[in-house]
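Chemist: okay, sequence plus prediction incoming.
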Amino acid sequence: MNTKQLAYLDAMDISVWQKRNRQPKSIAMDIETIDPELEGAWKKLELQVKNCTLCELSKTRTQTVFGVGNRQTDLLLIGEAPGASEDAQGEPFVGRAGLLLNEMLKSIGLNRQTTYITNILKCRPPNNRDPLPHEVKLCTPYLNEQITLINPKMIVAVGRIAAQFLLNTDTPIGKMRMQLHHYGEKKIPLVVIYHPAYLLRSPREKAKAYRDMLQIKKILHEI
């Protein structure tokens, strides 16, 4: 583990005992130029989301929150919905929870530019309430299209709501994490992690979160 990774763990309030071994190989993915056909499909989808008025959330949002990152990445992270900071800035995971997610990614050699981050809902629910079933149903086609365009090698479900939706289950998140799941007809490997907002409320769980990140790193090396 190198000095930078130790600094990221320190930012996550995680203490790590380690042997002095050689530095692990980075798993950061290269950022490549997207081909014109895919670029056109992305622009069309982003415009559809921007102009969406399918549910009442379109009346209360400041703006839509489409997604951010490398659209040819191996790793796709999916959360539940934008919060206040995301609604204001138009980018997912930019508040305190987003800063923690950044550190979690950096702890295994990744960042927002080498992954892609999005949410199930593209608009903020009022008062940060949980997404309603009909909102999820109406927004799901947008997420499905993002998954199709990215064609990731691995998906990370960030938090209980995203995990239960993607896996179509009501299993508690504590029983879903540290397991390898699969998503969709392509059986894309899927891992569940705690939402960083939960980790901010429950800092004792950050050590578990780091183990989850190590699991992600291991699987990415293997696929």
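Modeler: On my side now, so go ahead. Residues are numbered from 1 along each chain as shown.

Chemist: mind listing what the residue nearest the centre of the chain touches?
Modeler: Nearest residue to the geometric centre of the chain (CA atoms, centre = their mean): residue 77, 2.4 Å. The neighbourhood of residue 77, defined by CB atoms under 8 Å, 6 or more residues apart in numbering, consists of 101, 115, 116, 117, 118, 155, 156, 158. Yep, even glycine has a C-beta here, placed from its N, CA and C like the rest.

Chemist: just the buried subset of those residues, please.
Modeler: Neighbour counting with 16 or more other CB atoms under 10 Å marks 101, 115, 116, 117, 118, 155, 156, 158 as buried within the contacts of residue 77.

Chemist: now do the phi/psi pair for the last one.
Modeler: In this entry, residue 158 is assigned phi and psi values of phi -100, psi 100 (degrees, to the nearest 10).

Chemist: the closest residue to it other than its chain neighbours bridge partners, please.
Modeler: Spatial nearest neighbour of residue 158, chain neighbours left out: residue 79 (4.3 Å); criterion: CB to CB, 6 or more residues apart in numbering. Residues in a beta bridge with residue 79, per DSSP bridges, are residue 119.

Chemist: what distance do you get for residue 79 to residue 187?
Modeler: 22 Å (CB to CB, to the nearest Å).

Chemist: and those two? which has more neighbours close in?
Modeler: residue 79 (27 against 9; other CB atoms under 10 Å).

Chemist: next SSE downstream of the lowest-mean-pLDDT helix or strand in the chain?
Modeler: Using mean pLDDT, DSSP states H and E, the weakest-scoring helix or strand in the chain turns out to be helix 3-11, at a mean of 57. For helix 3-11, the following helix or strand on the C-terminal side (DSSP states H and E) is helix 36-50.

Chemist: other residues contacting the helix or strand following that following helix?
Modeler: Using DSSP H and E, the helix or strand that follows helix 36-50 towards the C-terminus is helix 57-60. Contact partners of helix 57-60, identified using CB under 8 Å, 6+ apart, comprise 52, 121, 123, 124, 125, 126, 135.

Chemist: go on, stretch 137-147?
Modeler: Contacts for stretch 137-147 (CB under 8 Å, 6+ apart): 45, 48-49, 52, 54-55, 67, 76, 78, 116, 118, 120-123, 131, 155, 184, 188.

Chemist: kindly recompute the last result at 6 Å.
Modeler: 45, 49, 54, 55, 118, 120, 121, 122 (CB atoms under 6 Å, 6 or more residues apart in numbering).

Chemist: convert it to PDB, retaining C-alpha atoms only.
Modeler: What follows is stretch 137-147, C-alpha atoms only, in PDB (Å, rounded to 0.1, in the frame of the first residue of the first chain):
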ATOM      1  CA  LYS A 137     -40.300   2.600 -13.000                       C
ATOM      2  CA  LEU A 138     -40.400   5.800 -15.100                       C
ATOM      3  CA  CYS A 139     -36.600   6.500 -14.700                       C
ATOM      4  CA  THR A 140     -35.400   2.900 -15.200                       C
ATOM      5  CA  PRO A 141     -35.300   3.000 -19.000                       C
ATOM      6  CA  TYR A 142     -32.700   5.800 -18.800                       C
ATOM      7  CA  LEU A 143     -30.500   3.800 -16.400                       C
ATOM      8  CA  ASN A 144     -30.900   0.700 -18.600                       C
ATOM      9  CA  GLU A 145     -29.700   2.600 -21.600                       C
ATOM     10  CA  GLN A 146     -26.700   3.900 -19.700                       C
ATOM     11  CA  ILE A 147     -25.800   0.400 -18.700                       C
END
